[in-house]
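Below is the structure, and that's it, no one-letter string:
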């Protein structure tokens, strides 16, 4: 679940409806259930920030008949599978990154605008309890860079009654992305008093994410997650991070869930 997931969900749902074959759209469907998740979350204001911003924690999931809701890690981008082959899935992904203002980094370094990130994901369920996933997204505007996340999750669940997940994450980014948030051009070094620093591509962060969902009644439930990332390599060595930010990147959120549809008492 991402900060702007409602917008992403709507865009991808519309796109998905457009690419479905007509026969699939007209085929009879089992009764469907829908689960809406809503609450607050705290996330880094921008990559490398030492402050947290309050954002909405929102998700919408659907399933058919008695099939449990599909597992979604709380930090994955919005998307839907367009290819399903056994335990393998592939599809588009969309994410967003908030802006970094010049005054957030001393007033002498350039701002980085709000960024829409478009790309795709691939995931494979090794077993019912272990899932691997990779995402790659290209920034449109803003940082204009390329970012990818590789991770795995251990999933323990009792149908839709409760679900716990935990797993590692590795974030990689290209030079353009890293120079936007972590680099210092020579001209900016003169103005800011910080040493010039050309950040290259590579591993940006390593960390882990954990989530817990508990159904309280047939309709109402509670959900929460916590995430930790540690900036490494050029991102961790950046004078920008050392002067104005933190290598430790924390996120977390809590929410209520509401389920409705056929068969929900």
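Yep, that arrived. It should be emphasised that the depicted structure is a prediction, and the values quoted were computed from it without experimental measurement. Numbering: from 1, shown residues only.

Residue 103 belongs to a strand, doesn't it?
No. The assignment for residue 103 is helix, going by DSSP: H, G, I helix; E, B strand; the rest coil, so no strand is present there.

tally of neighbours for it?
Residue 103 sits with 10 neighbouring residues when counted by other C-beta atoms under 10 Å. Every residue, glycine included, has its C-beta placed from N, CA and C.

for residue 180, what are its contacts?
Applying C-beta atoms under 8 Å, 6 or more residues apart in numbering to residue 180 gives the contacts 112, 142-145.

mind checking the backbone torsions on the residue lying farthest from the centre of the chain?
In the chain, counting by C-alpha atoms, centre = their mean, residue 190 sits farthest out from the average C-alpha position, at 35.6 Å. Backbone torsions of residue 190, given as degrees, to the nearest 10, read phi -60, psi -40.

picking that back up, for the contacts of residue 180, I'd like a selection string for ChimeraX - just the buried members, please.
Buried members of those, defined by 16 or more other C-beta atoms under 10 Å, are picked up in ChimeraX with:
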select :112,142,143,144,145
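
Would you mind measuring from residue 184 to residue 60?
41 Å (C-beta to C-beta, to the nearest Å).

Which one's more surrounded, those two?
Shown here are residue 184 and residue 60; by other C-beta under 10 Å, residue 184 has more neighbours (25 against 16).

any chance you could map the helices in the stretch 51-200 of the chain?
Using DSSP state H, counting those that start in this stretch, the helices of the stretch 51-200 of the chain run over residues 175-182, 186-192.

Export these to a markdown table and append columns for mean pLDDT and distance to residue 137.
As requested, the helices of the stretch 51-200 of the chain are exported to a markdown table (pLDDT from 0 to 100; distance: least, C-beta to C-beta, whole Å):
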| stretch | mean pLDDT | distance to residue 137 |
| --- | --- | --- |
| helix 175-182 | 98 | 10 |
| helix 186-192 | 94 | 26 |
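
hmm, who's touching the helix or strand harbouring residue 221?
If you go by DSSP states H and E, residue 221 is part of strand 220-231. Contact with strand 220-231 is made by 1, 35, 37, 39, 41, 48, 74-75, 169, 171, 204-216, 236, 238, 241, 247-259, as judged by C-beta under 8 Å, 6+ apart.

hmm, try it at 6 Å
37, 74-75, 205-215, 247, 249-255, 257 (C-beta atoms under 6 Å, 6 or more residues apart in numbering).

If any of those are buried, put those into a PyMOL selection.
Buried members of the contacts of strand 220-231, defined by 16+ other C-beta under 10 Å, are picked up in PyMOL with:
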select buried, resi 37+74+75+205+206+207+208+209+210+211+212+213+215+247+249+251+252+253+255+257
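
Which of the contacts of strand 220-231 fall in strands?
Using DSSP state E, 37, 205-215, 249-255, 257 are the members of the contacts of strand 220-231 that sit in strands.

which regions of the protein lie under the pLDDT threshold?
Applying pLDDT under 70 to the chain flags the ranges 1-29.

Walking through the stretch 1-150 of the chain, point out its strands one by one.
Under the criterion DSSP state E, counting those that start in this stretch, the stretch 1-150 of the chain carries strands at the ranges 32-44, 52-64, 78-79, 83-85, 88-97, 115-127, 130-140, 146-158.
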